[in-house]
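A.B. asks: sequence below, structure please.
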Amino acid sequence: RAAGAAGQCAGRPRCRPSSSYSSGPAVLFRRTTNQGHLDVQCCLGLLYRDGKGVPRDDREAARLVRRAANKGHSGAQLELGQCYDLGRGVPQDDDEAAR
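C.D. replies: Numbering: from 1, shown residues only. Sure, this is the predicted structure:
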C-alpha cells in the first residue's frame, strides 16, 4: 500500500473528519462520490469509519475506500490496508493488508 498519513486522504490534512460534520456535508460528499471524485470517496469512507455525520459503518467505509484505492488513490490504498490489518469492514487478512 502507498505511504501516507492515517486518517487523511492522500496525506492531505484538508480531509480530516471532525465532530463538526453534519448530515449536510455527508450528503454533499455522497453526491460528489457518485461522480467519481477519488478524494471525496476516500474522505466519505473516513466519515463512515468514524461515524461523523453518518452512522458508523465499517463495511460502507471499506467499500468506499476500496473504490478509490482500486483507481489508484494512495491515501485510500493506505486506509484499505489498515482495514485489512484490523479487520474493519473486511475480513482480517495480513497478506491483503501488506499488499
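
A.B. asks: now do the same contact list for Gln92.
C.D. replies: Contacts for Gln92 (C-beta atoms under 8 Å, 6 or more residues apart in numbering) come out as Tyr84, Asp85, Leu86. All C-beta atoms are positioned from the backbone trio N, CA, C, and that covers glycine.

A.B. asks: repeat the analysis, applying 10 Å as the threshold.
C.D. replies: Neighbouring residues of Gln92 by C-beta atoms under 10 Å, 6 or more residues apart in numbering: Cys83, Tyr84, Asp85, Leu86.

A.B. asks: grab the nearest non-local neighbour of the last one.
C.D. replies: Nearest residue to Leu86 in three dimensions, chain neighbours excluded: Gln92, at 6.9 Å (C-beta to C-beta, 6 or more residues apart in numbering).

A.B. asks: quick check: buried residues in the helix or strand hosting Arg59?
C.D. replies: Taking DSSP states H and E as the criterion, Arg59 maps to helix 58-70. Within helix 58-70, the residues that qualify as buried are Asp58, Glu60, Ala61, Ala62, Arg63, Leu64, Val65, Arg66, Arg67, Ala68, Ala69, counting by 16 or more other C-beta atoms under 10 Å.

A.B. asks: show the pLDDT at the first one.
C.D. replies: When you say that, I think you mean Asp58. According to the prediction, Asp58 has pLDDT 96.

A.B. asks: gap between it and Glu79?
C.D. replies: 12 Å (C-beta to C-beta, to the nearest Å).

A.B. asks: ditto for the third one
C.D. replies: According to C-beta to C-beta, Ala61 stands 8 Å off from Glu79.

A.B. asks: what residues are shared contacts of those two?
C.D. replies: Counting by C-beta under 10 Å, 6+ apart, the residues touching both Ala61 and Glu79 are Gly45, Leu46, Arg49, Arg88.

A.B. asks: Throw these into TSV and include secondary structure and neighbour count, thanks.
C.D. replies: Below are the shared contacts of Ala61 and Glu79 laid out as TSV (DSSP: H, G, I helix; E, B strand; the rest coil; neighbours: other C-beta atoms under 10 Å):
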residue	secondary structure	neighbour count
Gly45	helix	32
Leu46	helix	23
Arg49	helix	24
Arg88	coil	16
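
A.B. asks: okay then, goodbye and thanks.
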